[in-house]
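Chemist: Sequence below, structure please.
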Amino acid sequence: MARAALLLGAALAIAGCGPQGPARYRVHGTITYEGKPVPLGRIVFEPDVLKGNRGPQGFAVVENGLFDTSVKHGKGTSGGPMVVTIDAYEASSPGQAARPLLQKHQEQRELPEGDTELNFDLQAAKGH
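Modeler: Model prediction:
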């Protein structure tokens, strides 16, 4: 009886150790605006449901041109077709709202099913 309880406990512990939900991968890299690091921002990886991707959304904070979904305030994402949205802001003084560098940037990217590095060089809209 004790052996059966021990085996049941071990089986439950092993079952509880597996991954929860779909796999998430680390995405990191740089974001520049007209060749200079973006001071502040956010990047979001939204699965492109129109292309059949139903994986989890990922995101990261951008600081001094760098982002990493595996650090504080970030969350990894699945692979596959993604809609990537970037919000970029000028550096601001404490107590002041950060001004946008550009209108929200959005593009489509195909991400691998694994950790990856992505780099973005954003440009001002023509005519501005």
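
Chemist: Just the helices from this protein, written as ranges.
Modeler: Under the criterion DSSP state H, the chain contains helices at 2-16.

Chemist: which residue is nearest the middle of it?
Modeler: The centre of the chain sits closest to residue 59, judged by Cα atoms, centre = their mean, with a distance of 3.0 Å.

Chemist: Enumerate every residue touching the nearest residue to that residue once chain neighbours are set aside.
Modeler: Spatial nearest neighbour of residue 59, excluding adjacent residues (Cβ to Cβ, 6 or more residues apart in numbering): residue 44 at 4.7 Å. All C-beta spots, glycine's among them, are computed from the backbone N, C-alpha and C. Residues near residue 44 by Cβ atoms under 8 Å, 6 or more residues apart in numbering: 57, 58, 59, 84, 85, 86.

Chemist: Counting neighbours, what do you get for residue 81?
Modeler: Residue 81 has 16 neighbours, counted by other Cβ atoms under 10 Å.

Chemist: picking up where we left off before, do you know how far the residue nearest to the centre of the chain is from residue 23?
Modeler: Plainly put, residue 59 is 17 Å away from residue 23 if you go by Cβ to Cβ, to the nearest Å.

Chemist: how far does stretch 43-59 stretch from start to finish?
Modeler: Start-to-end span of stretch 43-59 (Cα to Cα, to the nearest Å) is 6 Å.

Chemist: mean confidence for it?
Modeler: Averaging pLDDT along stretch 43-59 gives 95.
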